[in-house]
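> With the sequence up front, the predicted model follows.
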Amino acid sequence: SILPLCDEVIVAVGNSDDDTLKLIQSIDPQKVRIIETIWDDSLREGGRVLAMETDKAFKGISEDSDWAFYIQGDEVVHEEDHETIRKAMELYLNEENVDGLLFDYKHFYGSYEYIGSPTSWYPHEIRVIRNKKEMYSYKDAQGF
């Protein structure tokens with residue numbers, strides 16, 4: 001969970017017929033703010049709709065927040081990494097030339113017991129970005 005690293009978590013929940021919204025509503029209501037959205041199905045090709053939904057959540061972040069932690073629904077951050085991430089956010093807080101923090105990735109394939117490593121899978125991605133509203137998600141929301 002990224003909750004211990006965040007003052008506020010914005011979750012963009014698209015229209016669905018499952019219990020996604022109910023599940024998100026059950027998470028710490030003091031920290032989690034939900035933005036209900038409707039996906040533009042005309043943007044599904046190439047995954048552009050994912051970037052658009054990411055941008056909606058990013059725009060919802062409070063102006064007084066220094067950093068934004070971006071994580072997709074199928075991604076996790078191990079609790080063992082919290083302190084390292086926190087220290088990096090503190091270290092680079094006043095470094096205006098640093099707009100994001102790059103994370104190493106492990107891609108589980110089929111189960112948590114198998115880590116995939118095809119060269120076409122990205123080994124690193126930016127997941128913490130400075131709260132600058134001129135930044136935006138690109139392509140299929142892989143990064144900024």
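Structure's in. What do you need?
> Once you drop chain neighbours, what's closest to Val77?
Ranked by Cβ to Cβ, 6 or more residues apart in numbering and with sequence neighbours excluded, the top spatial neighbour of Val77 is Ile2, at 5.5 Å. Using the backbone N, CA and C atoms, a C-beta is placed for each residue, glycine as well.
> so that neighbour makes contact with His78?
No - Ile2 lies out of contact with His78 (Cβ atoms under 8 Å); the separation is 10.7 Å.
> ok, the two, which is more surrounded?
More neighbours surround Ile2 than the other of Ile2 and His78, with 17 against 8 (other Cβ atoms under 10 Å).
> how near is the more buried one to Val9?
7 Å (Cβ to Cβ, to the nearest Å).
> Overlap in contacts, the two.
Listed as contacting both Ile2 and Val9 by Cβ atoms under 8 Å, 6 or more residues apart in numbering are Phe69.
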